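Participant: Below: sequence and its predicted model.
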2 protein chains.
Amino acid sequence: MTQPARRRDAAATRAAILASARKAFARAGYDGVGVREIAAGAGVTAMLVNRYFGSKEQLFAEVAADTVRDAVILSPENLAAADFPAALARSLVEVTTPGATPLDGFQMMLRSSGSPKAVELGRDLIRQGHQAALVGRLEGPHAAERAGIFLALVAGLQAMRQTLELPSLAEADPDTLAGLLEPLIRVLIDGPACPPSPPR
Amino acid sequence: MTQPARRRDAAATRAAILASARKAFARAGYDGVGVREIAAGAGVTAMLVNRYFGSKEQLFAEVAADTVRDAVILSPENLAAADFPAALARSLVEVTTPGATPLDGFQMMLRSSGSPKAVELGRDLIRQGHQAALVGRLEGPHAAERAGIFLALVAGLQAMRQTLELPSLAEADPDTLAGLLEPLIRVLIDGPACPPSPPR
DNA sequence: GCGTCATTTCTACACCTGTAGACATCGCTC
DNA sequence: GAGCGATGTCTACAGGTGTAGAAATGACGC
């Protein structure tokens, strides 16, 4: 199964454990996966996991921090996009597509939400990572709340499309979905442009 | 601790177990709570739970079905409201307020999303319960997708406000939040009224 | 008052969990 | 080639899980 090419390489082993853990945590959540299973996915023994990361909890913390760092929705490209709402809508659909799992961070946190420690960790990571980046990009009042609503939309879509696999969203046409989401996000970012006064 | 008033009452005992399970599942998710804990909350023994419900899984199924039946967002009053989007926004904020837990169904499903069986159950319940009701109320194209997006918004807000307790949403002013959500929901329900062509 | 059945509890069993300590083995350096 | 530290495995342990069967205890009808 696991290629025995790497015989004794601490860095590679560590990375293999991290990768296996990330996949496993995203699939089953903190409580849903055991250390032995993670270790088997990396081709090592359970004890080695604790030897490298101290404990399952610390391993989870490291994985969670990685997922936040690798986030793609609020990437520099998107944050600098000319049409910010459109870029967000497109990324949002891509990132929550059932098959692909480029953004496993949110799903991992949602699936781990039964564990208080995982929740606490996730709150801090999301606040310091995603929310801060988005608030910096928003203008107008209630930036924090609006950023939070956007993050809620991300989390909810992820939950409904990837975790719960609600058919109407999971099997929807990506372009249709993006087309429906774009005006929503536009309202959230630019404000309800139309009722008070037609801009431009 | 638990009042020994009820000595031998099958119906009351069953109800007590259901209530305890509902609270426990909403708090910690399917995997996060044990049968013994649920039983203790109802003042009985663990075995009685299995005797009444067959297994932990069947107990969860019954609890989940109850929460869907008791849902309040898509209540008949809201579905018949003159200003549908406004009513939804108001209920949405109420229902996802951190302290109160009137809608524990979504939170329960989110917290239980590590368990495949719980997920499958939740998908069917949400589809047959909430989504069907909302689709029936929507006009225009892509009603299923739009209903799904709204449900995603509900789930996401619940996750961010009650489960993760993201400060910018959990501690936000309810009226501010409702004011921000209303135009979003309006776009989702009435369509982007302004750019293409004023309907009606 | 007593039999009888529903209601409840006790004991127990495999199984799984995260983690600790002792042991083995590989690979580099001198 | 020998030594030695790093790297990895084995065995084990408490504790917890859901669940099955047997035993006991209550309440009701005759």
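Facilitator: That came in fine, so what should we check first? Residues are numbered from 1 along each chain as shown, chains lettered A, B, ... in the order given.
Participant: any weak-confidence spans in chain A?
Facilitator: Low-confidence segments of chain A (pLDDT under 70): A:1-7, A:100-104, A:193-200.
Participant: Can you pull the domain assignment for it?
Facilitator: Domains of chain A are assigned by automatic domain parsing as A:10-55, A:70-190.
Participant: is the first one anywhere near DNA strand D?
Facilitator: The one in question is domain A:10-55. Yes: judged by Cβ under 7 Å from any atom of the strand, domain A:10-55 comes into contact with DNA strand D through A:10, A:13, A:43, A:44, A:45, A:47, A:48, A:51. For every residue, glycine as well, the C-beta is placed using N, CA and C.
Participant: From residue B:119, how far off is the closest residue to chain B within chain A?
Facilitator: Nearest residue of chain A to chain B, counting by Cβ to the nearest Cβ: residue A:156, 2.6 Å away. Residue A:156 sits 15 Å away from residue B:119, taking Cβ to Cβ, to the nearest Å as the criterion.
Participant: and the two? which has more neighbours close in?
Facilitator: Legend: neighbour count by other Cβ atoms under 10 Å in any protein chain shown for residue A:156 and residue B:119, higher for residue A:156 (29 against 18).
Participant: that older thread, can you report phi and psi for the residue of chain A closest to chain B?
Facilitator: Main-chain dihedrals, residue A:156, degrees, to the nearest 10: phi -70, psi -40.
Participant: What ranges does chain A have for its helices?
Facilitator: A:10-32, A:35-42, A:46-53, A:56-69, A:76-79, A:84-95, A:104-111, A:116-126, A:132-137, A:143-158, A:167-170, A:174-190 (DSSP state H).
Participant: Out of those, which one sits most buried?
Facilitator: With neighbours defined as mean count of other Cβ atoms under 10 Å in any protein chain shown, the helices of chain A peak in mean count at helix A:104-111, which reaches a mean of 27.
Participant: outside of that helix, which residues touch it?
Facilitator: Contact with helix A:104-111 is made by A:22-23, A:25-30, A:32, A:63-64, A:67-68, A:70-71, A:101, A:118-119, A:122, A:125-126, A:154-155, A:158-159, A:162-163, B:110, B:113-114, B:159, B:164, as judged by Cβ atoms under 8 Å, 6 or more residues apart in numbering or on different chains.
Participant: residues in contact with residue A:56?
Facilitator: A:35, A:49, A:50.
Participant: number of nearby residues for residue A:115?
Facilitator: For residue A:115, using other Cβ under 10 Å, the count is 23.
Participant: do you know how far it is from DNA strand D?
Facilitator: 13 Å (Cβ to the nearest atom of the strand, to the nearest Å).
Participant: Quick check: closest non-adjacent residue to that residue.
Facilitator: residue A:30 (4.6 Å; Cβ to Cβ, 6 or more residues apart in numbering or on different chains).
Participant: And for residue A:39?
Facilitator: In space, residue A:39 is closest to residue A:46, 4.5 Å off (Cβ to Cβ, 6+ apart).
Participant: right, and that neighbour touches residue A:21 too?
Facilitator: No: using Cβ atoms under 8 Å, residue A:46 is not in contact with residue A:21, being 12.0 Å away.
Participant: Please enumerate the shared neighbours of those two.
Facilitator: Joint contacts of residue A:46 and residue A:21 (Cβ under 8 Å, 6+ apart) are residue A:38.
Participant: For chain A, which residues are neighbours of DNA strand C?
Facilitator: Close to DNA strand C, as judged by Cβ under 7 Å from any atom of the strand, chain A has residues A:7-8, A:33-37, A:46-47, A:50, A:55-57.
Participant: try 10 Å
Facilitator: Counting by Cβ under 10 Å from any atom of the strand, the residues of chain A close to DNA strand C are A:4, A:6-9, A:28, A:30-39, A:45-51, A:53-60.
Participant: one step back: who wins for proximity to residue B:134 among the helices of chain A?
Facilitator: When the helices of chain A are compared for distance to residue B:134 using Cβ to Cβ, the nearest one is helix A:167-170, at 10.1 Å.
Participant: ok, residues contacting the closest one?
Facilitator: So helix A:167-170 is in contact with A:98, A:157, A:160-162, A:177, B:127, B:131, B:144-145, B:147-149, B:152, going by Cβ under 8 Å, 6+ apart.
Participant: Nearest to DNA strand D: which residue in chain A?
Facilitator: Going by Cβ to the nearest atom of the strand, DNA strand D is nearest to residue A:10 of chain A, at 3.0 Å.
Participant: Next one: that residue from residue A:40, what distance?
Facilitator: Residue A:10 is 19 Å from residue A:40, by Cβ to Cβ.
Participant: Could you do residue A:121 as well?
Facilitator: 24 Å.
Participant: now residue A:91
Facilitator: 34 Å.
Participant: Next, the contact list for the residue nearest to residue A:115, please.
Facilitator: When contacts are counted by Cβ under 8 Å, 6+ apart, residue A:30 touches A:60, A:111, A:112, A:114, A:115, A:117, A:118, B:114.
Participant: Looking at the residues you listed, which is nearest residue A:192?
Facilitator: Nearest member of the contacts of residue A:30 to residue A:192, counting by Cβ to Cβ, is residue A:111, at 34.4 Å.
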